[in-house]
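Trainee: need coordinates for the below:
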Amino acid sequence: MTVLIDPPAWPAHGMLWSHLVSDASLDELHAFAEANDIQRRAFDVDHYDVPDRRYDELVAAGAHPVSGKELVSRLIASGLRVRARDRVRRRH
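Mentor: Prediction:
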């Protein structure tokens, strides 16, 4: 079981953002987020969005840095990936 983080590369709100995912379970992901004071509102169906200022801290806490491509590949392989078209339906 592994929590993964990609490099901050997604611009929004005047900063760059990373994605934090688990390749094993959402329970693992939520536990890691809670242990590292990441608010539940940062959760977006299959990942947490985290600001660039938290990247080094989360890696030090045990998140494994991977490329964005590897993060998505491992999320898909885990069965936890929610496709963009399904993401909208799950929010309502």
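Trainee: any idea which element the residue nearest to the spatial centre of the chain lies in?
Mentor: Centroid-nearest residue in the chain, with Cα atoms, centre = their mean: residue 20, separated by 1.9 Å. When secondary structure is defined by DSSP states H and E, residue 20 falls within strand 15-22.
Trainee: what is the following helix or strand past that strand packed up against?
Mentor: Tracing the chain past strand 15-22, the next element assigned as helix or strand by DSSP H and E is helix 26-35. If you count contacts as 3 or more Cβ pairs under 8 Å, 6 or more residues apart in numbering; DSSP states H and E, helix 26-35 packs onto strand 3-5, strand 15-22. From N, CA and C alone the C-beta is placed, and that goes for glycine too.
Trainee: quick one: buried residues of the longest one?
Mentor: Within strand 15-22, the residues that qualify as buried are 17, 18, 19, 20, 21, 22, counting by 16 or more other Cβ atoms under 10 Å.
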